[in-house]
Structures are given as C-alpha cells and as structure tokens.
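1. One predicted model, sequence on top.
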Amino acid sequence: MRFAIIFLVLTLAGCASTPSYNPMMVASQQEFLLNENGFKALQDGMSLDEVHKIMGQALTIGYQYQSPDYKPLTIPNPYKTDKIQGTDYVVEYYIASIRQPNGVINDNELLPIVFKNGKLYGRGWSLVNSLKPKSPGA
C-alpha cells in the first residue's frame, strides 16, 4: 500500500512539471529564414539589376487565410533602401529572417546589401557600420 501511494505521488508530480504543448509558443521560438536562396546566389560585382532579378521585387511572407482565395501577403523586396551620407554607397535591406512573428520587422531581421556605383560591394551590418562616416565627437 505504501509503495502504491509513493508511486502515485511521484507519477502525479511528474505530470505537474511537464510543460503543456503550446503551438503559438513553439512558433514564436522558431526563426523563419527568408530570401535564403537569393542571398546564396549573390556575388560581389553584380549589377543592381542582376541582384534585383535574383532577389525579386516582392517577398511572400504568408497568406490571408480568411480570404476564400488565399491572397498572398507580400512586402517589398528590398524592404528599404538607404544612401550612406557623404559616400557613393547605397544600402538595400532585405529581410533575412523572422525571429519574432510580431508584425514588426527589426534591424536584426534584415541583411544589408551594399552597392557602390551600381555594383554589389558587399553585405552585412559590420560592413555598413564601417562605411558610415564617423561623427566628429566620436
């Protein structure tokens, strides 16, 4: 009898400590990679047009499931473009991943691609930061 009570208590304690499955929690802990094949195909020296042809002009990130015909949810590709002030560099920011599916695209989800005189110069945040002019007080 004593053994049965101990076994029952341990079994119930094990159940209480097991986390329940929550699909929304699992989805929010995953990182969704986007534009991955395009990034792999890019090579330094490519023209802006060649890069745009590889990367496309829009990125489908999902579908409106409320709609009977499942309309795609798309965002522009590149997501945004910027010129580094005082230089010949243009930076296009492409979405590389969705780390938190919260409807907001943060810088840590973007991959900057740098162009100089219309040619692919390089990519990555460290390159962008190294090309930005230093402020006089720094």
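-> In hand now; what should we look at?

2. for this protein, which spans come out with low pLDDT?
-> Applying pLDDT under 70 to the chain flags the ranges 1-34, 67, 101-102, 135-138.

3. That one: strands as residue ranges?
-> Using DSSP state E, the strands of the chain run over 32-33, 58-64, 71-76, 80-83, 89-95, 97-98, 110-116, 119-123.

4. which residues sit against the third one?
-> So the one you mean is strand 71-76. Residues outside strand 71-76 that contact it (C-beta atoms under 8 Å, 6 or more residues apart in numbering): 57-64, 95, 105. Yep, even glycine has a C-beta here, placed from its N, CA and C like the rest.

5. Let me have the residues you listed in CSV, adding distance to Gly118 and neighbour count as columns.
-> Output for those, formatted as CSV (distance: C-beta to C-beta, whole Å; neighbours: other C-beta atoms under 10 Å):
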residue, distance to Gly118, neighbour count
Gln57, 17, 10
Ala58, 22, 11
Leu59, 22, 19
Thr60, 27, 12
Ile61, 28, 15
Gly62, 33, 12
Tyr63, 35, 13
Gln64, 36, 11
Ile95, 23, 21
Ile105, 26, 17
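
6. Distance to Lys134 added to the strands of the chain, as a markdown table?
-> Listed next are the strands of the chain as a markdown table, based on distance: least, C-beta to C-beta, whole Å:
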| stretch | distance to Lys134 |
| --- | --- |
| strand 32-33 | 33 |
| strand 58-64 | 33 |
| strand 71-76 | 31 |
| strand 80-83 | 17 |
| strand 89-95 | 15 |
| strand 97-98 | 30 |
| strand 110-116 | 17 |
| strand 119-123 | 19 |
